[in-house]
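Colleague: pasting the sequence and the predicted model now:
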Amino acid sequence: MQWLELTVQTHPEAVESVSELLSGYSRDGVVIEEPYELSDDGQEYRILVNQPVQVHAYLPIDGTEEEKKQEIARGLWHFTSMGAHFVGELHSRVVDEEDWANAWKDYYHVTHIGQRLVIRPSWREYTPKDNEVVLTLDPGMAFGTGVHPTTRMCLERVEQLVQPGMRIMDVGTGSGILALAAAKLGAAHIDAIDNSSVAVESTRANTEMNDLQEQIDVVLGVLDETEAKKKADHYDLVFANIIAHIIGSIAPELAQVVAPHGLLVVSGIIEARRPDAEGPLLAAGLELVEETRIDDWLALTYRKRA
C-alpha cells in the first residue's frame, strides 16, 4: 500500500494543535519526531528540548489525498496567527509502507525511562542491567515509542503504580507501549483499545514479540457508553494518553470503568488545554491526586471516589 506522507515543522508549543489537525484526516494517527542527539556509539539518545519538532501524518493513496492535503494546508495557515516561527510549510511525498518502516528504523534507539524500564527496538542489541525491565518495541506506523514527553510520563506512572495482579485498561493504546510495560511489571490482565487498525496491528505484533498474549487483549474500537457499562468498576488502573478534548469527551466513560478507589492517568495534555480534560473529569466524580510535567506537557492522575 502507498501513503502520502505529510510533514510540517512546528514549535513545541504548537505540536498538540498541529497533531490534532492532522489526526482529523489521518485515520492512523500522527508521528511526532523530536530532535535528538546520539550517544553510546549511536545506541542511545537524548531529546533536544525547545527545538523545532516534525509532525508526520499519513493519508492512504485512494483518490482523496490531494483534497485532504489542501484542507490541511488551509488549516495550518490559520496557525500563522501564532507567529511565523510556530508552524512551517506543509511538505509531502509518496511512500510505500514497507519503505517507511525501514527508513524509520534509523530514528529509534534504546531508551531508558524511569528507574527500570528500557525500550529496545527489535533491531538493536541490549544487555539489561540489575533489575531492568526490557520492552522490545517495533512502533510501525502507530504512535507511542517512549520519545514524546506524554508517553514518557505515562511510562513513569506505569512503573510507579502497577502492582502484581492488577486489572488495567489502556485507551488509545497506539503501539501498545503502556500495556506492554504494565504486563512486564506484573499486571494480571490489560485490555488495550484503539480506533486505528494500524495501531491494533502494531500492538498485537508487539504483544507477540514480547510473549505477552495471555496478559494483553487488543481490541479495535472506542470506549463508548456501551463498552463502559460492560466494564463498569472493573479496572484498578486506566491509562488514556490521547489529547485533551478527546479525554474530556469520554470522561464519563473513563470514570465509569475505573474501580472504586482506582486510578486514572491521562496525558497528551498541554497546559493551555488542561481545562478541556480536567473539567469533565472532575464533573465525572474523579479527584486529582497527582500531576507531573515535562515542559508544557502534563500527565494527570485521578482517583475514583468510592
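Modeller: Perfect, thanks for sending it.
Colleague: thought W3 was touching D99?
Modeller: No: counting by CB atoms under 8 Å, W3 does not reach D99; the two are 9.6 Å apart. The way it works is simple: take the backbone N, C-alpha and C, and place the C-beta from them, glycine included.
Colleague: who has more neighbours, the two?
Modeller: W3 (21 against 12; other CB atoms under 10 Å).
Colleague: for that one, what are its contacts?
Modeller: W3 is in contact with 58-61, 94-97, 100, counting by CB atoms under 8 Å, 6 or more residues apart in numbering.
Colleague: partner residues bridging it?
Modeller: P60, V95 (DSSP bridges).
Colleague: other SSEs contacting the helix or strand I190 falls within?
Modeller: Using DSSP states H and E, I190 sits within strand 189-194. Counting contacts by 3 or more CB pairs under 8 Å, 6 or more residues apart in numbering; DSSP states H and E, strand 189-194 is packed against strand 167-171, helix 177-184, helix 197-209, strand 216-220.
Colleague: most tightly packed of those?
Modeller: When those are scored by mean count of other CB atoms under 10 Å, the highest mean neighbour count falls to helix 177-184 (a mean of 28).
Colleague: ok, residues contacting it?
Modeller: Outside helix 177-184, the residues that touch it by CB under 8 Å, 6+ apart are 117, 119, 133-135, 137, 144-146, 151, 154-155, 158-159, 162, 166, 168, 170, 173, 190, 192, 203, 206-207, 210, 212, 215-216, 218, 237, 239, 241.
Colleague: again, only using 6 Å
Modeller: Residues from elsewhere that reach helix 177-184 (CB atoms under 6 Å, 6 or more residues apart in numbering): 117, 133, 135, 144, 154-155, 158, 162, 168, 170, 173, 190, 192, 210, 212, 215-216, 239.
Colleague: mean confidence (pLDDT) on it, please.
Modeller: Computed over helix 177-184, the mean pLDDT rounds to 96.
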